[in-house]
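In: My questions concern the predicted model and sequence given below.
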Amino acid sequence: METTFTELVYLYHSGYALLFKDFTVIIDYFEDSESETEGCVHNELLARPGRLYVLSSHFHADHFNPSIMEWKNRKEDITYILSNDIRRRRRLGNDAATWLKKGDSFSDENLTVRAFGSTDSGVSFLIETDGLKIFHAGDLNNWHWMDESEEKEWKGYEKQYMHELDDIAHYTDHMHLVMFPVDPRLGKEYMRGAKQFAERIHTSVFMPMHFDGNYDAANAFQQYAVEHNIKSPLLRTRGQRFKNLLSI
């Protein structure tokens, strides 16, 4: 079945843009694809025809940039879908966005956005449209820090993470596209959470995030992906674009 999904754009850190035939989704914008304020978002996507959906998973500065609230001055057809902790922590009005907490959802004629849990602040997002399930983890991860913590402590973090995975797997056992943290700061087992996600929920395409500029660390996941029949194209630069990623 042909879908209306046309392109995935890696912006920076955990920021991705999803391009569909008639609308656009930008998730966890931190900086644009070339620099803090220059790149495809400002030069192209804010002027792209069709509705623009802007999602932010939580209030942390590397996932929520308050400048996104100014985009409505450049584009009329814009919908903000934000984690409820942003409203509280950034002191935004109730009418500034659709506010989601775990278990909430948003739906219109184009898509449905479901909020699942996180092991840090805010939520993770499952976008459903055109038969596709697209997941952006936000800060959901196995933040185990096992190189620095006592076993009891890091296993507690892991237990919390696995509980969140259970909630997601109860809803669906398959994702067409997953954007997920692969953060080398966690030490030698930094891909543990990503692997556990793919083991629990069948993943067709996996895209790393939350690795800052350490592309080698992010791309190291590809070996696991190949061994488990997961498509995981190499990331090389900000603004990299991926076409023909998904089929259902």
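Out: Received, thanks.
In: contacts, neighbours, all on C-alpha from now
Out: Will do.
In: Show me how far the longest helix along the chain is from its chain's centre.
Out: In the chain, ranked by residue count with DSSP state H as the criterion, the top helix is helix 151-171. In terms of C-alpha atoms, centre = their mean, to the nearest Å, the centre of helix 151-171 is found 19 Å from the chain centre.
In: So what's the model's average confidence on it?
Out: Throughout helix 151-171, pLDDT has a mean value of 90.
In: May I see the buried residues of that helix?
Out: 154-155, 157-158, 160-162, 164-166, 168-169 (16 or more other C-alpha atoms under 10 Å).
In: now stretch 188-200
Out: Buried residues in stretch 188-200 (16+ other C-alpha under 10 Å): 190-195, 197-198.
In: Please report phi then psi for residue 231.
Out: Phi and psi for residue 231, reported as degrees, to the nearest 10, are phi -80, psi 120.
In: This protein: strands as residue ranges?
Out: 5-12, 15-20, 23-27, 51-56, 78-83, 98-100, 105-107, 112-116, 124-129, 132-136, 174-181, 202-209, 241-243 (DSSP state E).
In: now the angle from the helix or strand of the chain with the lowest mean pLDDT to strand 202-209?
Out: Least confident helix or strand, the chain: helix 151-171 with a mean of 90, by mean pLDDT, DSSP states H and E. Angle between the axes of helix 151-171 and strand 202-209 is 130 degrees (criterion: axes from the mean of the first three to the mean of the last three C-alpha atoms, to 10 degrees).
In: now what about helix 151-171, what contacts it?
Out: 116-119, 140-146, 197, 200-201 (C-alpha atoms under 8 Å, 6 or more residues apart in numbering).
In: What angle do strand 112-116 and it make with each other?
Out: Relative orientation of helix 151-171 versus strand 112-116 (the same axes, to 10 degrees): 150 degrees.
In: For helix 151-171, output the C-alpha coordinates as CSV.
Out: Extracted in CSV, the C-alpha atoms of helix 151-171 (Å, rounded to 0.1, in the frame of the first residue of the first chain):
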residue,chain,number,x,y,z
GLU,A,151,23.5,-2.5,40.6
LYS,A,152,20.4,-2.1,42.7
GLU,A,153,20.1,1.5,41.6
TRP,A,154,20.5,1.0,37.9
LYS,A,155,18.3,-2.1,37.9
GLY,A,156,15.6,0.1,39.4
TYR,A,157,15.8,2.5,36.5
GLU,A,158,15.7,-0.4,34.1
LYS,A,159,12.6,-1.8,35.8
GLN,A,160,10.8,1.5,35.4
TYR,A,161,11.8,1.6,31.7
MET,A,162,10.6,-1.9,31.1
HIS,A,163,7.2,-1.0,32.7
GLU,A,164,6.9,1.8,30.2
LEU,A,165,7.7,-0.6,27.3
ASP,A,166,5.0,-2.9,28.6
ASP,A,167,2.4,-0.1,28.3
ILE,A,168,3.4,0.6,24.7
ALA,A,169,3.5,-3.1,23.8
HIS,A,170,0.1,-3.5,25.2
TYR,A,171,-1.2,-1.0,22.6
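In: for stretch 55-73, which positions count as buried?
Out: So for stretch 55-73, counting by 16+ other C-alpha under 10 Å, buried means 55-60, 62-64.
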